[in-house]
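Undergrad: no FASTA, just this:
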């Protein structure tokens, strides 16, 4: 029996195949995972019901299992930043997130040949998508 937080076998398998520089996407329930990632990305649908699980639940669990060296987020454009950005920074222990416009974020996920895993959640907050780069340790 595993003694760590992450128990999902498909996610464990996918992250075991990740190396330095590979990417993992965690999305809210509104993200079009089928059409806005590349064809080789493994897709996992975790949404059980609205807000179960939340993106932050998945991020906390992954962060306890694997190291990340960068985090990119989809921004709504000019104006106020989504509140979830503060939660992302707190969970990851970082000061800044790389901000990409909506279409730029979709393009990064579609074109990135090293996007190994896309996880769709039940998150209902908008712009709660995060693209993580796997670190060394």
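TA: Received the coordinates, thanks. These numbers come from a predicted model, not from an experiment.
Undergrad: Quick one: the strands in this structure, in order.
TA: In the chain, the strands defined using DSSP state E lie at 23-27, 42-45, 68-75, 98-101, 115-120, 130-134.
Undergrad: Please name the bridge partners of the residue nearest to the spatial centre of the chain.
TA: Centroid check for the chain by Cα atoms, centre = their mean gives residue 26 as the closest residue, at 2.4 Å. Counting by DSSP bridges, residue 26 forms beta bridges with residue 119, residue 130.
Undergrad: from what I can see residue 44 touches residue 117, true?
TA: Yes. Look at residue 44 against residue 117 with Cβ atoms under 8 Å: they come within range, at 7.0 Å. In short, each C-beta sits where N, CA and C put it, glycine included.
Undergrad: Between those two, which is the more surrounded one?
TA: The neighbour comparison of residue 44 against residue 117 (other Cβ atoms under 10 Å) goes to residue 117, with 24 against 17.
Undergrad: quick one: contacts for that one?
TA: The contact partners of residue 117, by Cβ atoms under 8 Å, 6 or more residues apart in numbering, come to 11, 14, 15, 18, 24, 25, 41, 42, 44.
Undergrad: pLDDT at it, what is it?
TA: What the model reports for residue 117 is a pLDDT of 98.
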